[in-house]
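Peer 1: Structure here, sequence nowhere to be found:
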């Protein structure tokens, strides 16, 4: 007999996983939605954010403020890296075939994974939770760490923030226009080049933020970049690439399937997620919220 | 420029025969190291050419081709080591199982547009890697399987010339023969009406559909064939390596083979094989100086994409044409 508190515990753990993954997948989806580029290196930006946050915490010491400073600093640094890469290299790829765009971001994965290995080695690293978030709430007989609650609130807040930015601001209108017709927007006097740079930096910022925030929960190891990008892919395939709420729903579903899939496939809970993805692909190949594209 | 009435000197040289002759004589060149390198090149040339059936001929971008290489390697190793079956069973079992896995994964992948296709192939490959990594009872888990037996080559002892070679050199000749047969088969496939149809699909899938071609079915067939040939390459590689490891199915292996194809040039049948040779020789040179091979791979790829998008074959061909135009 499975106890209710166990079920609740799995639910919470699934939800918090979902919110981390949403942070990563939202950036991926945002960049695809506006720039039309599938960024394989998104997971690498996440890894870079995690390692940079670790480094900053080492320098600043284990205080609460220093953790938040490190998180923000790491996310901004990753956004800067993204902006530089977009300006110098990716920009020249937009007119090329999809294959070359994919290969280019794939090459970045290789380069960044080795840069991280060179800078921080291959041993597992970890960051302790910020002291002010050490405690836990007792809900339905399950301990829910304050940090987990924070993450579960941050996810929807960011989703709402992105939605407001895209749908309720002038900048958002320009961004949506850029996604529809880049040339027309350019002819109307908008500097689309810098708009793209900005959106790529914003997407990278979310990847870096996700990486930095995950440091107290998951240990930092080489290979975390590919692990997360595969999970992000599954989520956007479920939700629909380029759709914000689809990505959010995809992340929630994925988190729950992973948390409860453990009951069915004790050692391979990711299989449950793959089964779900396969079913969705057969029924709606473009995902729950995506639009069918014919190419 | 294309339709020259009499073929030039370069075209008249029977390059294929020459290369094959040189490859056959490698074991007698006196260095075990050369044979080792040549075995590596020959096997990975098959792996890269199998990927090009998808990439260059059908226009499908697979980022998880190592999955089928890994399945082939594990199948052959498990059949030969765990079950003690002869080499021929392992060699035939590898493409069958790799093809079956490709059939299941491909069924989902070919339903998707290009970007989704690329994402899914990577995700499925990670699943294969996960199984190899975690299923200790069958695959040996993280440690993989070592001491996979060499195929029984005692029959070679009776042959003239080959009889007194070392086992590694005999294995090289065997691998060369198998790879040559597979490449001949692949070349027949791409030149067949089936292969031509794949090119039509790459160029214009809508038009292909319009003239009544079941595009998905053709793509799936290409996917399965590519997977099966990758399986053969995996089987040969596992035996050559004397062991199979989860790394065989890891994404970095998929990256390596993809870069071989791009480096050599995907517009030509022999491009990927040339790319495989170039990359392995480069690796050999570079690993003496640095352990950061992925960094070199990634940077090479970026340079290729920006400066030589046609790869070695494409660049040489363009240079050659320009030179002839000037003369």
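Peer 2: Yep, it's here. The model shown is predicted, which means the values in this text are computed figures rather than measured ones.
Peer 1: I'd like the distance between residue B:119 and residue A:241.
Peer 2: 8 Å (C-beta to C-beta, to the nearest Å). Quick note: C-beta positions are derived from backbone N, CA and C, even for glycine.
Peer 1: With residue B:125 instead?
Peer 2: Where residue A:241 is concerned, residue B:125 sits at a distance of 19 Å (C-beta to C-beta).
Peer 1: before we move on, what about residue B:18?
Peer 2: Counting by C-beta to C-beta, the gap from residue B:18 to residue A:241 is 49 Å.
Peer 1: Residue A:83 too?
Peer 2: With C-beta to C-beta as the criterion, residue A:83 and residue A:241 are 23 Å apart.
Peer 1: More neighbours: which of those two?
Peer 2: residue A:241 (27 against 18; other C-beta atoms under 10 Å in any protein chain shown).
Peer 1: Now for residue B:119 and residue A:241: what residues contact both?
Peer 2: Taking C-beta atoms under 8 Å, 6 or more residues apart in numbering or on different chains as the contact rule, residue B:119 and residue A:241 both touch residue A:38.
Peer 1: Could you list the buried residues of the one helix or strand residue B:280 maps to?
Peer 2: Using DSSP states H and E, residue B:280 falls within helix B:271-286. For helix B:271-286, a neighbour-count test (16 or more other C-beta atoms under 10 Å in any protein chain shown) marks B:271, B:272, B:273, B:274, B:275, B:276, B:277, B:278, B:279, B:280, B:283, B:286 as buried.
Peer 1: Please apply the same query to stretch B:259-268.
Peer 2: Neighbour-count burial for stretch B:259-268 [16+ other C-beta under 10 Å]: B:259, B:260, B:261, B:262, B:263, B:264, B:265, B:266, B:268.
Peer 1: Report pLDDT for the second one.
Peer 2: What that stands for is residue B:260. For residue B:260, the pLDDT comes out at 89.
Peer 1: Check the fifth one too.
Peer 2: You'll see residue B:263 listed with a pLDDT of 87.
Peer 1: show me what contacts residue 43?
Peer 2: You didn't pick a chain, so chain A it is. A:24, A:109, A:207, A:224, A:225, A:226, A:227, A:228, A:229, A:230, A:232.
Peer 1: The intended chain is chain B.
Peer 2: So residue B:43 contacts B:175, B:179, B:233, B:236, B:237, B:240 (C-beta under 8 Å, 6+ apart).
Peer 1: can you tell me which of the residues you listed are in helices?
Peer 2: Among the contacts of residue B:43, the members found in helices (DSSP state H) are B:175, B:179, B:233, B:236, B:237, B:240.
Peer 1: and those residues as TSV, adding neighbour count and pLDDT?
Peer 2: Shown next, in TSV, are the ones in helices among the contacts of residue B:43 (neighbours: other C-beta atoms under 10 Å in any protein chain shown; pLDDT from 0 to 100):
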residue	neighbour count	pLDDT
B:175	23	90
B:179	25	92
B:233	32	94
B:236	30	92
B:237	23	92
B:240	20	88
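Peer 1: What is the nearest of those to residue A:3?
Peer 2: The nearest member of the ones in helices among the contacts of residue B:43 to residue A:3, counting by C-beta to C-beta, is residue B:237 at 49.3 Å.
Peer 1: I'd say residue B:101 and residue B:227 touch.
Peer 2: Yes. With contact defined as C-beta atoms under 8 Å, residue B:101 reaches residue B:227; the gap is 6.6 Å.
Peer 1: Just give me the neighbour total for the residue in the stretch 1-150 of chain A that chain B sits nearest to.
Peer 2: Taking C-beta to the nearest C-beta, chain B has its nearest neighbour within the stretch 1-150 of chain A at residue A:110, 3.1 Å off. For residue A:110, the neighbour count with other C-beta under 10 Å is 28.
Peer 1: and the nearest residue to it once chain neighbours are set aside, what does it touch?
Peer 2: Nearest residue to residue A:110 in three dimensions, chain neighbours excluded: residue B:298, at 3.1 Å (C-beta to C-beta, 6 or more residues apart in numbering or on different chains). In this structure, residue B:298 makes contact with A:107, A:108, A:109, A:110, A:111, A:114, judged by C-beta under 8 Å, 6+ apart.
Peer 1: beta partners for residue A:139?
Peer 2: residue A:142 (DSSP bridges).
Peer 1: Just the pLDDT for it.
Peer 2: For residue A:139, pLDDT reads 77.
Peer 1: quick one on the thing from earlier: what's the first helix or strand after the helix holding residue B:280?
Peer 2: Defined by DSSP H and E, the subsequent element after helix B:271-286 is helix B:293-307.
Peer 1: Any stretches of the chain with poor pLDDT?
Peer 2: Just so you know, I chose chain A. A:1-2, A:267-270, A:291-295 (pLDDT under 70).
Peer 1: I was thinking of chain B, sorry if that wasn't clear
Peer 2: For chain B, the ranges with pLDDT under 70 are B:1-11, B:163, B:327.
Peer 1: ranges for the strands of chain A?
Peer 2: A:136-139, A:142-145 (DSSP state E).
Peer 1: Give the burial count for residue 118, as a bare number.
Peer 2: Just going to use chain A. 12.
Peer 1: not quite, I wanted chain B
Peer 2: Residue B:118: 25 neighbours (other C-beta under 10 Å).
Peer 1: List the contacts of residue A:22.
Peer 2: A:155, A:158, A:159, A:235, A:247, A:248, A:251, A:252.
Peer 1: now do residue B:225
Peer 2: B:50, B:53, B:99, B:189.
Peer 1: ok and the residue in chain B nearest chain A?
Peer 2: Closest point on chain B to chain A, by C-beta to the nearest C-beta, is residue B:298, at 3.1 Å.
Peer 1: From residue B:252, how far out is that residue?
Peer 2: 10 Å.
Peer 1: shared neighbours of the two, which are they?
Peer 2: residue A:110.
Peer 1: burial measure for residue B:111, as a count.
Peer 2: When neighbours are counted by other C-beta under 10 Å, residue B:111 comes out with 16.
Peer 1: And for the one 10 residues further on?
Peer 2: Other residues lying near residue B:121 total 25 when counted by other C-beta under 10 Å.
Peer 1: is it true that it touches residue B:63?
Peer 2: Yes. At 5.2 Å, residue B:121 counts as touching residue B:63 under the criterion of C-beta under 8 Å.
Peer 1: Which residues of the stretch 101-250 of chain A lie near chain B?
Peer 2: A:102-104, A:106-111, A:113-115, A:117-118, A:226-227, A:229-230, A:233-234, A:236-237, A:241 (C-beta under 8 Å from any C-beta of the partner chain).
Peer 1: mind running it again at 6 Å?
Peer 2: Residues of the stretch 101-250 of chain A found near chain B (C-beta under 6 Å from any C-beta of the partner chain) are A:102, A:103, A:104, A:107, A:110, A:111, A:113, A:114, A:226, A:230, A:233.
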